[in-house]
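# Generate a structure from the sequence data that follows.
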Amino acid sequence: MTTNYDALIPKGVLFNLQEIQNMKLLKIDMAKKLIYKGKIEVVKVGSKIHVSRSELIRYLEENTFAVAS
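Presented below is the predicted three-dimensional model:
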């Protein structure tokens with residue numbers, strides 16, 4: 001069974017880190033660590049960091065693993 005992140009993540013183009021945390025996907029501190037390590041691509045608008053919806057879905061799909069029970 002795979003998770004349908006396309007259905008779970010609200011429609012939109014860019015999300016700031018607070019919005020991502022409010023969706024309960026990643027805490028801001030963890031998102032910043034992933035960004036600085038180059039694991040998540042960002043778009044900078046002024047001084048604000050944003051992550052595209054497609055990048056969020058890509059990251060989550062690549063890092064979702066089935067747990068054997």
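
# mind listing the helices for this protein?
5-8, 17-22, 28-36, 53-62 (DSSP state H).

# List the buried residues of the helix or strand of the chain with the lowest mean pLDDT.
Lowest on mean pLDDT, DSSP states H and E among the helices and strands of the chain sits helix 5-8, with a mean of 92. Neighbour counts over helix 5-8 (16 or more other CB atoms under 10 Å) mark Tyr5 as buried. (Glycine included, C-beta is placed from N, CA and C.)

# Ok, which of the helices of the chain comes nearest Val43?
If you check each of these against Val43 by CB to CB, helix 53-62 wins as the nearest, at 8.7 Å.

# quick one, the closest one and helix 28-36 angle?
In terms of direction (axes from the mean of the first three to the mean of the last three CA atoms, to 10 degrees), helix 53-62 departs from helix 28-36 by 90 degrees.

# before we move on, back to that, off-centre distance for the least confident helix or strand of the chain?
12 Å (CA atoms, centre = their mean, to the nearest Å).

# Run a quick neighbour tally on Asn63.
For Asn63, the neighbour count with other CB atoms under 10 Å is 9.

# Can you read off the pLDDT for it?
Per-residue confidence (pLDDT) for Asn63: 93.

# What distance do you get for it to Val51?
According to CB to CB, to the nearest Å, Asn63 stands 14 Å off from Val51.

# now Val42
According to CB to CB, Val42 and Val51 sit 6 Å apart.

# ditto for Glu61
14 Å.

# Neighbour count for those two, which is higher?
Legend: neighbour count by other CB under 10 Å for Glu61 and Val51, higher for Val51 (23 against 13).

# Which neighbouring elements make contact with the longest strand along the chain?
Criterion DSSP state E: the longest strand present in the chain is strand 48-52. Applying 3 or more CB pairs under 8 Å, 6 or more residues apart in numbering; DSSP states H and E, one finds that strand 48-52 contacts strand 14-16, helix 17-22, helix 28-36, strand 43-45.
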